[in-house]
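Chemist: can't give you the sequence, but here's the structure:
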């Protein structure tokens with residue numbers, strides 16, 4: 001589990017409907033972030049879901065998205081709301097997503113630990129077997 005360090009609580013890596021210009025960005029993030037910057041999540045592939053994507057760990061693949069640093073005053077509430085949006089409950093085998101700590105790359109090549117919502121193991125298994133992969137790794141280029 002990620003814990004706060006001297007730099008503060010970890011950012012979130014968003015790769016789908018929470019990205020700027022997508023339907024959930026303004027609903028959840030507008031006015032609640034200190035910083036949003038491009039990022040990429042190496043070691044994961046992107047698959048289409050029913051109106052939203054799933055990131056699935058796969059060596060050699062990369063998912064593009066945004067690294068979002070929530071403001072200190074918004075962090076706890078935002079974490080709770082994003083867990084609810086992603087229908088994530090710690091330890092629940094029915095989860096569609098799991099919130100996990102993973103290194104995410106910034107544009108300058110440095111990495112930072114971030115929260116990432118990955119497809120749960122059962123969902124990832126189904127997607128690998130017959131899901132539609134977004135070959136670019138970028139939800140905004142899914143066309």
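Modeler: Thanks, I have it. Not measured: the values here are computed from a predicted model.
Chemist: For the longest strand seen in the chain, list every residue counted as buried.
Modeler: Secondary structure assigned by DSSP state E gives strand 53-70 as the longest strand of the chain. Of all the residues in strand 53-70, those buried under the rule 16 or more other Cβ atoms under 10 Å are 53-58, 61-70. Backbone N, C-alpha and C define where each C-beta goes, glycine included.
Chemist: which two in those are spaced the farthest apart?
Modeler: 58 and 70 (27.7 Å; Cβ to Cβ).
Chemist: What average pLDDT does the one helix or strand residue 34 maps to get?
Modeler: According to DSSP states H and E, residue 34 maps onto strand 33-48. Averaging pLDDT along strand 33-48 yields 97.
Chemist: who does it touch, helix- and strand-wise?
Modeler: Contact here means 3 or more Cβ pairs under 8 Å, 6 or more residues apart in numbering; DSSP states H and E; on that basis strand 33-48 packs against strand 53-70, strand 97-105, strand 111-119, strand 133-134.
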